[in-house]
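Peer 1: Got a sequence here, can you build the structure:
(2 chains)
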There are 2 protein chains.
Amino acid sequence: MTVLILTSEQDVTADMVVAELGRLGAPVMRLDPADIPGKAVLSADYAHGDFDGHLSVNGHVLSMGGLRSVWVRRPGDPAAHAAQPSAWLTAETRQALYGMLYSASPAWMNHPGNADQARHKPWQLRVAHVSGFAVPPTVFTTAPKVAEQFAELHRDVVVKSASGPPPDEPAVALPTTLIGPDTDFGPVAAGPALLQRYIPKRADIRLTCVGDRLFAARKRAAPGQIDGRYGETGYGWEAVPVPDRISTSALEYLSLAGLAYAAFDFAEDEDGVWWFLECNQGGQFGFIELETQQPIAEAVALWLSWRRPDPRPPTPRW
Amino acid sequence: MTVLILTSEQDVTADMVVAELGRLGAPVMRLDPADIPGKAVLSADYAHGDFDGHLSVNGHVLSMGGLRSVWVRRPGDPAAHAAQPSAWLTAETRQALYGMLYSASPAWMNHPGNADQARHKPWQLRVAHVSGFAVPPTVFTTAPKVAEQFAELHRDVVVKSASGPPPDEPAVALPTTLIGPDTDFGPVAAGPALLQRYIPKRADIRLTCVGDRLFAARKRAAPGQIDGRYGETGYGWEAVPVPDRISTSALEYLSLAGLAYAAFDFAEDEDGVWWFLECNQGGQFGFIELETQQPIAEAVALWLSWRRPDPRPPTPRW
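Peer 2: This is a model prediction of the structure:
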């Protein structure tokens, strides 16, 4: 039974997991959907109530009957490397590839449908609430009046992007920014704003979840530092234990969201409370493993190669 | 409790359902996501373990606490009508709108995640098999050799698009086409081909499913007609009863796919067997209702306004 990794060619984190799968003796195929059609060949056959499919890359053939799991890492767009790429060729190739993989009902890290829902930040906050995390009061709004009232109520407020920085080139940094109640909120009418009560923090926390294995890391914050992703502080990531309450909530979150992998970001306040900031279903872990020596790549490899009870139902409900 | 319809302004089918909701006395809000920000205003507030949100269109305000159901009809891209549209503004607005709607856990027709999976034609064939439908032997492949062998084995074979016609302007018709075994299958290497055994048919069947209410319609085919969507035959759609076996399979399909609405296409062969061709989770029904007088718009309105047992879980698994 083979592990399929969907990612682009340059991916050091995938290299780490491939190495661990090698140590475990687990067969693995690495595929960039951008290489179909071309370097990779695909066939899916539906006949007489049965189904079989094959993927072939560099002469290595994977039958869908032997597919254990799929790790959706950093896949390119289907057919992006084709001799004559087009939006239509990408749509047709996406249909063929993902339609075949859905048909095979592998274990997904993560299922694309669940991943898509899990990217929605407002929904993340709701699931975090329901899972028992502490969540800073937050508003998403296109109403200047609502933004103004929120800032008046909470005084220290940060503004950040819901979807991440603009996709345009050259890349723009868009750090979480502290604003005052005297801010002009008029521009909110032109695009939704995400405002959140500022949590004065003494550390950033990254909690990486792989199935039911949890790895917490902590990085001290410089005084007054707002966004832990930007600016050097001289502090590094250190492994820390996962409090029981956090562990219960994290597993509940993964279950509600239907995720096998997720990376949570928390702000640790002066009282030691971990405030939920976001949950990235595709969050990086390479830099954490490098600094803390936590065996995250090994945990991913173990989850992907784990022999599950068969047969699983033919059509997962995610 | 209000029904939310996400669609563009020009949508006659939505008009039909809005009229039925009016007859039922069910409150309804019609919204084009393209109108946020601008004509429509959005706010979602997450605080103290609770959540509330509001949508406002033309002075009509909908609270998320009063949201019963969402019909995803023909929504525009979020922020498409903004004064300064951009991919980033669309991404931010999509986050705010759909993140808020997911948080509210309405009944979905259909949930966007389920809808996305359900669009994959290879997966449709697998679910159709599992649900007990007769499915013509089909192959999706980028291997010319596989295509050639399939055509040799089945002799009469049709080729069609998996994702629909190319999205380019001007629009191109791409009817299902009969091909012979002497076809040159070399070009298959440049883009996945969908080949299917040709079913000589005496009629096209459209089965429209709204929750557990099923409406079948039949249109006689002209001799030798391949694709019922193209070419006038002089025959019209007529209502026909749904055979028990079909009804059982259709309800099983909807359950496995997590869909509240779907339109199935079948080819009825000379023996009266209905062969599954595809299942369109967003298929049109206006033209069927017009010709057959089947009360499909009313069924949609009833499903959307139906009072469900509360409370539903906060985070649906689709």
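
Peer 1: do you know how far the residue of the stretch 101-250 of chain A found nearest chain B is from B:L251?
Peer 2: The minimum distance from the stretch 101-250 of chain A to chain B, using C-beta to the nearest C-beta, falls at A:P122 (3.0 Å). In short, each C-beta sits where N, CA and C put it, glycine included. Per C-beta to C-beta, to the nearest Å, A:P122 is found 33 Å from B:L251.

Peer 1: Which one's more surrounded, the two?
Peer 2: Taking other C-beta atoms under 10 Å in any protein chain shown, A:P122 and B:L251 do not tie; A:P122 has more neighbours (29 against 15).

Peer 1: Not counting its own residues, what contacts the helix or strand hosting that one?
Peer 2: Using DSSP states H and E, A:P122 sits in helix A:121-131. Residues from elsewhere that reach helix A:121-131 (C-beta atoms under 8 Å, 6 or more residues apart in numbering or on different chains): A:117-118, A:135, A:138, A:140, A:162-163, A:194, A:249-250, A:252-253, A:256-257, A:276, A:278-279, B:44, B:46, B:49-51, B:53, B:95-96, B:98-100, B:102-103, B:314-315.

Peer 1: Which of the residues you listed fall in helices?
Peer 2: Using DSSP state H, A:117-118, A:249-250, A:252-253, A:256-257, B:95-96, B:98-100, B:102-103 are the members of the contacts of helix A:121-131 that sit in helices.

Peer 1: Just the closest of the residues you listed to B:T2, please.
Peer 2: B:M100 (14.3 Å; C-beta to C-beta).

Peer 1: Do you know the pLDDT at that closest one?
Peer 2: Note on B:M100: pLDDT of 96.

Peer 1: how about it, what does it touch?
Peer 2: A:P122, A:F140, B:L42, B:A44, B:G53, B:M64.

Peer 1: rerun that using 10 Å as the cut-off
Peer 2: A:120, A:122-123, A:126, A:140, A:192, B:42-46, B:51-55, B:64, B:67 (C-beta atoms under 10 Å, 6 or more residues apart in numbering or on different chains).

Peer 1: distance of the residue located most distally from the centre of chain A from B:T138?
Peer 2: Note on chain A: the largest separation between a C-alpha and the mean C-alpha position, by C-alpha atoms, centre = their mean, falls on A:H48 (38.1 Å). As defined by C-beta to C-beta, A:H48 lies at a distance of 11 Å from B:T138.

Peer 1: cool, and A:P144?
Peer 2: According to C-beta to C-beta, A:P144 and B:T138 sit 54 Å apart.

Peer 1: between these two, which one's more packed in?
Peer 2: Just comparing A:P144 and B:T138: by other C-beta under 10 Å the higher neighbour count belongs to B:T138, 24 against 17.

Peer 1: Correct me if wrong: that one contacts B:F150.
Peer 2: Yes. Using C-beta atoms under 10 Å, B:T138 is in contact with B:F150, at 8.8 Å.

Peer 1: Can you check which residues contact both of these two?
Peer 2: Jointly contacting B:T138 and B:F150 under the rule C-beta under 10 Å, 6+ apart are A:D45, A:A47, B:V157, B:L195, B:Q196, B:R197.

Peer 1: now, among the residues you listed, which is nearest to A:D265?
Peer 2: A:D45 (44.0 Å).

Peer 1: tell me the pLDDT at the closest one?
Peer 2: pLDDT, A:D45: 95.

Peer 1: cool, and A:H81?
Peer 2: The score at A:H81 is 96. That number is its pLDDT.

Peer 1: Name all residues that make contact with A:P75.
Peer 2: By C-beta under 10 Å, 6+ apart, the contact set of A:P75 is A:I5, A:L6, A:T7, A:S8, A:D11, A:L31, A:D32, A:P33, A:A34, A:L97, A:Y98, A:P112.

Peer 1: Among the residues you listed, which ones are in helices?
Peer 2: Judged by DSSP H, those include A:L97, A:Y98, A:P112 as members of helices.

Peer 1: Burial check on the first one, number of neighbours?
Peer 2: Right, A:L97. The burial count for A:L97: 27, using other C-beta under 10 Å.

Peer 1: Give me the nearest residue to A:S103, chain neighbours excluded.
Peer 2: Leaving aside its sequence neighbours, A:S103 sits nearest to B:R126 (C-beta to C-beta, 6 or more residues apart in numbering or on different chains; 3.8 Å).
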